[in-house]
Structure formats: structure tokens, C-alpha cells
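In: starting from these lines, generate the structure:
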Amino acid sequence: YTLTVTNNGTVDATLDANSIIQLDTANGQLQLTAPDLANDTIAPGQSCTFTFTVQAKADVSELNDTGTLSVVLSYTQPSVEPIPAPSHSVHS
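Out: Numbering: from 1, shown residues only. From the prediction side, this is the model:
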């Protein structure tokens with residue numbers, strides 16, 4: 001599986017340790033191989049591609065399994081100026 005993520009924001013986004021890649025299987029015959037997802041920074045407008053593989057375990061002679069692959073990417077961003085408070089004004 002290949003997943004591409006693009007930073008459409010205006011500040012850097014750094015992948016943090018709260019990211020989760022998990023494979024849940026019905027019969028335990030499948031295994032997940034995933035990249036190390038630590039501390040990669042994606043600049044505004046930049047993309048990052050992650051590749052994951054799911055395959056039968058080596059000792060499986062007859063594959064009879066299903067699975068669900070879940071990917072949760074957690075990013076932190078540097079502090080930026082405070083968000084303006086909601087307001088309105090009347091002009092003449």
C-alpha cells in the first residue's frame with residue numbers, strides 16, 4: 001500500500017511518536033511491514049509518500065485470512081502568531 005500526504009498548510013508539520021500503523025487480522029496469517037515514522041518534517045506544499053506491505057507469514061501454507069490496515073499520522077507544528085479573535089466592524 002502507498003499513502004501520499006501533502007502539507008497544504010502554511011507551516012512545517014513534523015511527524016510525531018503518536019502515529020499508529022496497525023494491522024488487525026481475522027486469523028493471524030498476515031504480517032505488516034511498515035517504515036519508521038519518526039520525526040519526518042513536511043514543509044508547506046511538500047508531500048511525503050509512505051509504503052506499507054501486507055503479506056502472508058512465511059509459515060502459512062494455505063492463506064485463509066482477512067485484515068484491516070489502519071494508519072493514523074500525528075503531526076506537531078511550531079507555534080505561530082496567535083489566531084485573531086472573531087470580530088466585526090461597521091464602516092461608512
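
In: parallel or antiparallel, list what pairs with the helix or strand of the chain at the bottom of the mean pLDDT ranking.
Out: Least confident helix or strand, the chain: strand 75-76 with a mean of 90, by mean pLDDT, DSSP states H and E. Using DSSP bridges, the strands paired with strand 75-76 are strand 13-15 (antiparallel).

In: got the buried residues for the strand it pairs with?
Out: 13, 15 (16 or more other CB atoms under 10 Å). (Glycine included, C-beta is placed from N, CA and C.)

In: check contacts around the residue most central in space within the chain.
Out: The residue lying closest to the centre of the chain (CA atoms, centre = their mean) is residue 73, at 2.7 Å. By CB atoms under 8 Å, 6 or more residues apart in numbering, the residues touching residue 73 are 5, 15, 19, 37.

In: you'd agree the third one is up against residue 37?
Out: Yes: judged on CB atoms under 8 Å, residue 19 makes contact with residue 37 at a distance of 4.7 Å.

In: how much space is there between residue 11 and residue 65?
Out: 42 Å (CB to CB, to the nearest Å).

In: between the two, who's got more neighbours?
Out: Neighbours were tallied for residue 11 and for residue 65 using other CB atoms under 10 Å; the higher tally belongs to residue 65 (14 against 11).

In: may I see the buried residues of the helix or strand in which residue 24 is found?
Out: Residue 24 belongs to strand 20-25 when assigned by DSSP states H and E. Applying a neighbour-count criterion of 16+ other CB under 10 Å, one finds 21, 23, 25 buried in strand 20-25.

In: roughly how far does the residue nearest to the centre of the chain sit from residue 35?
Out: 12 Å.

In: same question for residue 5.
Out: Taken as CB to CB, the span from residue 5 to residue 35 is 13 Å.

In: more neighbours, these two?
Out: Between residue 5 and residue 35, counted using other CB under 10 Å, residue 5 has the larger neighbour count: 17 against 11.

In: excluding chain neighbours, what is closest to that one?
Out: Distance criterion CB to CB, 6 or more residues apart in numbering; nearest residue to residue 5, sequence neighbours excluded, is residue 48 at 5.4 Å.

In: the one you found touches residue 42, doesn't it?
Out: Yes: using CB under 8 Å, residue 48 makes contact with residue 42 at a distance of 5.1 Å.
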